[in-house]
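# Just the structure for this:
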Amino acid sequence: MRKKTQMIHGGIVGDEQTGAVSTPIYQVSTYKQDGIGGLRQGYEYSRTGNPTRHALEELIKDVENGVRGFAFGSGMAAITSTMMLFNSGDHVVFTDDVYGGTYRVMTSVLNRLGISSTFVDTSNVEETKAAIQDNTRAIFVETPTNPLLKVTDIQATADVAKANDLLLIVDNTFTTPYFQNPIDHGADIVLHSATKYLGGHSDVVAGLVVVNNDQLGEDLHFIQNSSGAILGPQDSWLLMRGMKTLGIRMEEHEENTKSVIELLQQHPTVEKVFYPGISSHAGHDVAQKQSNGFGAMVSFDVGSAEKADEVLSKVRYFTLAESLGAVESLISVPARMTHASIPHDRRLELGISDGLIRISVGIEDAEDLVEDLKHALD
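Below you'll find the predicted structure:
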């Protein structure tokens, strides 16, 4: 089954009892039992399992070529629950310019529970190897990264993980399962902030996780059920509806991005452009090898916070907002928004300057987006 077909026909399609083409929203908390322990279809309580959520979990499992899928109340709930696979005293190696919320939960929350972390440039395999300690249990990779679009070689990192008996966890939010399937390249766990491209319409907050074996599935389900960080049936349904059009949206997103990149590369106000689809981008060859597309996330540096503010004040079709991956184009300044929780010195060390602007290119008419951005840059 090819990708666009899989987005529509993957998982559990429709409803067997009624013939409904769309999976129903089972807005229910508990289920009638035929005697003690006599469960109908295996459902007893919606924290443990809900038919609508299960349909979504089966869909993401299929499109990520995994063994079991899980739906959480947010991307951060998905990441936090995945980190609960580890114990006090364990250590995890992370990509350095990871999403600010991931950095925050590791350095300000989970560290208090004894789970430590080291942040390195995972696009350099040797740096990843050097960061491994005796108590390291996993490598967590974001590729491409947020916001500098650095690319990590998933297969090479998986080889390192396996050689050291570690799990490889990949945040696949930016590229989506339409363009990239980390499990195919050796990852053990794949994460998504499904709020972004998978939902695609700025109307749902959700997180998804896919694992590559039954034991990880059992362990993560135990954590999901115990902590209760589940996605509700209404949001599960919205997410499935969004995923049906993921393929055509991603193709349109990327096509528009090509026009935007052409403008940014030639405009004198722009000092540097970060995008894996540019041949000069440091991770271009790796991205081309492990992905079927480069996506629609672009960062560019205009040199100062003042210039960035001028651009933000002049755009019309690029909405100043947190988040990304929706049908509308969004614009943000990572240093003061998505990555504000990272200390200033650390941001500068990573290259997240005050003049760095991140855009999520939407599916509006490309000409309108280019004209809008050109006017703001001029």
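
# Show me what counts as buried in stretch 33-53.
43, 46, 49-53 (16 or more other C-beta atoms under 10 Å). C-beta coordinates here come from the backbone N, C-alpha and C atoms, glycine included.

# Where do the strands of this protein begin and end?
In the chain, strands defined by DSSP state E lie at 68-72, 91-95, 116-120, 136-142, 167-171, 189-193, 207-211, 272-274, 297-301, 319-320, 330-332, 356-360, listed in chain order.

# Compare the ones you listed and give me the one nearest Lys61.
Lys61 lies closest, by C-beta to C-beta, to one member of those: strand 68-72, at 3.5 Å.

# Which strands or helices does that closest one pack on?
Where contact means 3 or more C-beta pairs under 8 Å, 6 or more residues apart in numbering; DSSP states H and E, strand 68-72 is packed against helix 51-63, helix 75-83, strand 207-211, helix 214-227.

# I'd like these written out as TSV, with mean pLDDT and distance to Gly293 added.
Shown next, in TSV, are those (pLDDT from 0 to 100; distance: least, C-beta to C-beta, whole Å):
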stretch	mean pLDDT	distance to Gly293
helix 51-63	97	15
helix 75-83	98	21
strand 207-211	98	19
helix 214-227	98	28
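
# Buried deepest among the ones you listed, which one?
Highest mean neighbour count of these: strand 207-211, a mean of 29 (counted as mean count of other C-beta atoms under 10 Å).

# Could you give me the buried positions within the least confident helix or strand in the chain by mean pLDDT?
The weakest-scoring helix or strand in the chain, judged by mean pLDDT, DSSP states H and E, is helix 344-350 (a mean of 85). Burial within helix 344-350, assessed by neighbour count using 16+ other C-beta under 10 Å, is assigned to 347, 350.

# Give me the contact list for it.
96-97, 148, 335, 339, 342, 353 (C-beta atoms under 8 Å, 6 or more residues apart in numbering).

# how about the helices in the stretch 101-250 of the chain?
125-131, 154-163, 176-179, 214-227, 233-243, 246-266 (DSSP state H, counting those that start in this stretch).

# Now do the longest one, average pLDDT.
Average pLDDT, helix 246-266: 98.

# counting contacts, what elements does it pack onto?
Using 3+ C-beta pairs under 8 Å, 6+ apart: helix 246-266 touches helix 3-9, helix 176-179, strand 272-274, strand 297-301, helix 366-377.

# And the first one, by the same measure?
Counting contacts by 3+ C-beta pairs under 8 Å, 6+ apart, helix 125-131 is packed against strand 116-120, helix 154-163.

# In contact with the closest residue to Thr145 other than its chain neighbours: list those residues for me.
Distances taken as C-beta to C-beta, 6 or more residues apart in numbering place Asp97 nearest to Thr145, at 4.8 Å, with adjacent residues excluded. By C-beta under 8 Å, 6+ apart, Asp97 lies in contact with 142, 145-148, 150, 339, 350-352.

# And the helices and strands packed on strand 68-72: which comes nearest Ser323?
helix 75-83 (10.1 Å).
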